[in-house]
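K.L.:
coordinates for the following, if possible.
(one chain, ligands or ions: 1)
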Amino acid sequence: MKNDIKKVSVSAEQIEEMLIRLGNQITNDYKNQEPLFIGLLKGCNPFMVDLLKHIDLYCTVAYMDVSSYAGTKSTGNVRINHDLDTNVEDKDIIVIDDILDTGRTLNAVVQLLKARGAKSVKLCVLLDKPEGRVAPIEADYVGGLVPNEFVVGYGLDYNEKYRNLPYIGVLKEEVYSK
Ligand code: PRP
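P.N.:
As a prediction, the model looks like this:
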């Protein structure tokens with residue numbers, strides 16, 4: 001699998017530094033609250049699991065399974081495959097995802113959570129690809145920026161594969177043409 005990677009965009013060591021920084025920021029910002037972390041499957045995993053280890057707060061976790069991509073293309077249709085099993089009314093929510101690209105996914109999720117009565121909704125993403133943005137949304141907590149190229153690893157997939165890479169990388173062109 002690792003032979004399919006053309007270059008490493010964010011190393012495992014850089015990811016660890018991002019986790020520590022984000023964990024400290026969130027711990028500090030929410031010190032008097034008990035936030036509900038909502039992870040968007042499947043891409044939030046392993047970022048969410050690793051980030052939570054760096055957060056020193058009483059908190060709860062929940063997951064939603066949403067998807068909007070086919071291959072490397074955002075379809076624009078955000079589909080809820082599995083909904084939350086938790087009431088979000090009056091909750092301080094931090095939505096966790098691997099990447100903010102067009103913003104369509106997170107924008108749709110934020111609207112939904114607000115419509116369901118969430119008290120506050122903030123966004124935490126490992127990666128932000130600002131050049132890709134279509135929907136009017138920004139993240140409150142960002143690990144790092146990536147240029148407008150398709151990246152995989154550490155939760156991010158290409159046709160459901162490469163999520164288990166321990167770093168973020170760019171695929172060789174020949175992988176797309178297989
Ligand atoms: C990916 C990623 C984000 C979303 C970001 O999910 O995990 O949720 O796309 O893209 P956007 O900003 O352009 O909406 P995907 O739909 O591929 O599902 P997955 O999490 O199961 O991989």
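K.L.:
ok now stretch 29-40, how far from the chain's centre?
P.N.:
In terms of Cα atoms, centre = their mean, to the nearest Å, the gap separating the centre of stretch 29-40 from the centre of its chain is 15 Å.
K.L.:
L51: neighbouring residues, count only.
P.N.:
24 (other Cβ atoms under 10 Å). C-beta here means a position set from N, CA and C on the backbone, and glycine is covered the same way.
K.L.:
residues of this structure that sit close to the ligand?
P.N.:
By the criterion of Cβ under 6 Å from any ligand atom, the positions of the chain lying close to the ligand are 40-43, 67-69, 74, 97-105, 157.
K.L.:
can you do 8 Å?
P.N.:
40-44, 65-69, 74, 78, 97-107, 129, 132-135, 155-157, 160, 163 (Cβ under 8 Å from any ligand atom).
K.L.:
in helices, which of those fall?
P.N.:
R104, T105, L106, N107 (DSSP state H).
K.L.:
tell me the contacts of the last one?
P.N.:
With contact taken as Cβ atoms under 8 Å, 6 or more residues apart in numbering, N107 is in contact with A135, P136, I137.
K.L.:
which SS class is N3?
P.N.:
Judged by DSSP: H, G, I helix; E, B strand; the rest coil, the three-state class of N3 is helix.
K.L.:
contacts for the lowest-mean-pLDDT helix or strand in the chain?
P.N.:
Least confident element among the helices and strands of the chain, by mean pLDDT, DSSP states H and E: strand 73-82 (a mean of 79). Contacts of strand 73-82 with the rest of the structure, by Cβ under 8 Å, 6+ apart, involve 41, 63-69, 101-102, 104-105, 108-109, 134.
K.L.:
not counting sequence-adjacent ones, nearest residue to the one residue in the chain that gets nearest to the ligand?
P.N.:
The shortest separation between the chain and the ligand is 2.6 Å, found at G43 (distances taken as Cβ to the nearest ligand atom). Distances taken as Cβ to Cβ, 6 or more residues apart in numbering put D98 closest to G43, at 3.8 Å, once the chain neighbours are dropped.
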